[in-house]
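**Student:** My questions concern the predicted model and sequence given below.
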Amino acid sequence: MKRITKTTTILLPVMFITLSWAQPEFTASQILERVDSVVNAPQDQTMNMKLILFDKNGNEREREIVMYQKGGDKRMGKILAPADQRGIAFLSLPGGVMYVYLPAFKKTRRIASHVKNTKFAGTDFTYEDMEAGAYGIKYVPEILKHEGSDHVLKLTPRPEIQSEYSMLKLWVDEKTFVPTKIEHYDKGKKLCKLMTRDKIEETSGYWLARESEMSDLRNGQKTKMIIQDVQFNQGLADDLFTERHLER
C-alpha cells in the first residue's frame with residue numbers, strides 16, 4: 001500500500017487535524033471524530049467511478065457509476081453502464097433512510113433496515129456499505145491496539161442501529177486519520193468481509209482513497225472501486241437528493 005506523506009496544501013478542516021499530531025494520546029471517540037471530519041470534509045463531492053466485479057474464478061465484469069454526496073449524510077449513486085444496468089440508483093438520506101430505483105420496473109422503493117444487507121447492483125457492497133453517515137453516529141468505538149502507523153478501533157453498532165454486522169475493526173492512519181482497512185464481522189462474530197483502501201492521496205485539499213476493494217470472504221468474490229474523476233464543492237442542490245431525481 002502506498003504510504004501517505006505530509007503536505008501543507010490542505011484546507012482548514014484537515015489543517016486542524018495536522019496541527020493535532022503533536023498530541024500524545026487520543027481517546028477512541030476523538031479518533032473517530034477526526035476520521036469523520038476527514039471523510040466528510042468537503043461540502044459536497046461528485047465522483048465518477050469504475051466498479052470491477054471479480055467472481056471466485058477471477059472472471060471480471062465492469063460497472064460505471066457516478067456518486068454524489070453532500071455533507072456527511074446525503075449520498076446518491078447512479079449506474080451509467082453497462083446498458084442492462086444503466087439507471088439503477090440508490091439514495092441515502094439522514095436518519096438511515098434509503099431508496100432504490102429500478103428502471104426495469106420504473107419504480108422507486110424504500111429500503112427497509114432489515115434488507116440493507118442486499119447487494120447493490122450485483123457488487124460486493126451492500127446498501128448498508130453504501131449508506132452515508134458518520135461512523136460516530138452509528139458506532140461505539142474502542143481502541144484495540146496500535147499497529148505500525150495505524151490506530152486499530154473496534155466499532156460496535158449503537159443499540160438503536162440495525163446492522164448486518166456485529167462489529168467492525170477499523171485501521172486508521174495515525175497522522176492523517178484516513179481509514180486504511182476495515183474488517184466486517186457477521187452476527188456470529190466471524191470475519192465475513194474485508195475492505196482495503198489504497199492509493200490514498202490529497203486532492204484539492206482533501207484526502208481520499210483512489211482505489212477501494214471489498215472482498216466477500218464467504219464466497220471468494222470481490223469488487224474493486226476506482227475513482228476516475230472527482231470534483232469538490234460545486235454547490236450541489238438539495239433537490240438532487242430526492243426520490244424524484246432518482247428516476248431522471
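**Tutor:** Happy to help now that I have it. Numbers count the residues shown, from 1 in each chain.
**Student:** quick one: average confidence on stretch 44-58?
**Tutor:** In this model, stretch 44-58 carries a mean pLDDT of 97.
**Student:** Tell me the buried residues in that stretch?
**Tutor:** Buried positions in stretch 44-58, judged by neighbour count with 16 or more other C-beta atoms under 10 Å: 44-47, 49, 51-54. Any C-beta I mention is one placed from the backbone N, CA and C, and that applies to glycine too.
**Student:** can you check stretch 123-137 too?
**Tutor:** Along stretch 123-137, these residues count as buried under the neighbour rule (16+ other C-beta under 10 Å): 123-136.
**Student:** Centre of the chain to it, how far?
**Tutor:** Computed by C-alpha atoms, centre = their mean, to the nearest Å, the chain-centroid distance of stretch 123-137 equals 6 Å.
**Student:** Can you measure across it, start residue to end residue?
**Tutor:** 26 Å (C-alpha to C-alpha, to the nearest Å).
**Student:** From the buried residues of stretch 123-137, pick the one nearest I200.
**Tutor:** Of all the buried residues of stretch 123-137, the one with the least separation from I200 (C-beta to C-beta) is Y135, at 17.1 Å.
**Student:** Just confirm that closest one contacts L155, I think it does.
**Tutor:** Yes: between Y135 and L155 a contact is recorded at 6.5 Å, counting by C-beta atoms under 8 Å.
**Student:** anything in contact with each of the two?
**Tutor:** Listed as contacting both Y135 and L155 by C-beta atoms under 8 Å, 6 or more residues apart in numbering are 32, 141, 170.
**Student:** measure the first one to L170 for me?
**Tutor:** So that's L32. Taking C-beta to C-beta, to the nearest Å as the measure, L32 falls 8 Å from L170.
**Student:** any shared contact partners between those two?
**Tutor:** When contacts are counted by C-beta under 8 Å, 6+ apart, L32 and L170 have 135, 141, 153, 155 as shared neighbours.
**Student:** Give the buried residues for the lengthiest helix in the chain.
**Tutor:** With residue count as the measure and DSSP state H as the assignment, the chain has helix 28-39 as its longest helix. The neighbour-count criterion (16+ other C-beta under 10 Å) identifies 28, 31-39 as the buried residues of helix 28-39.
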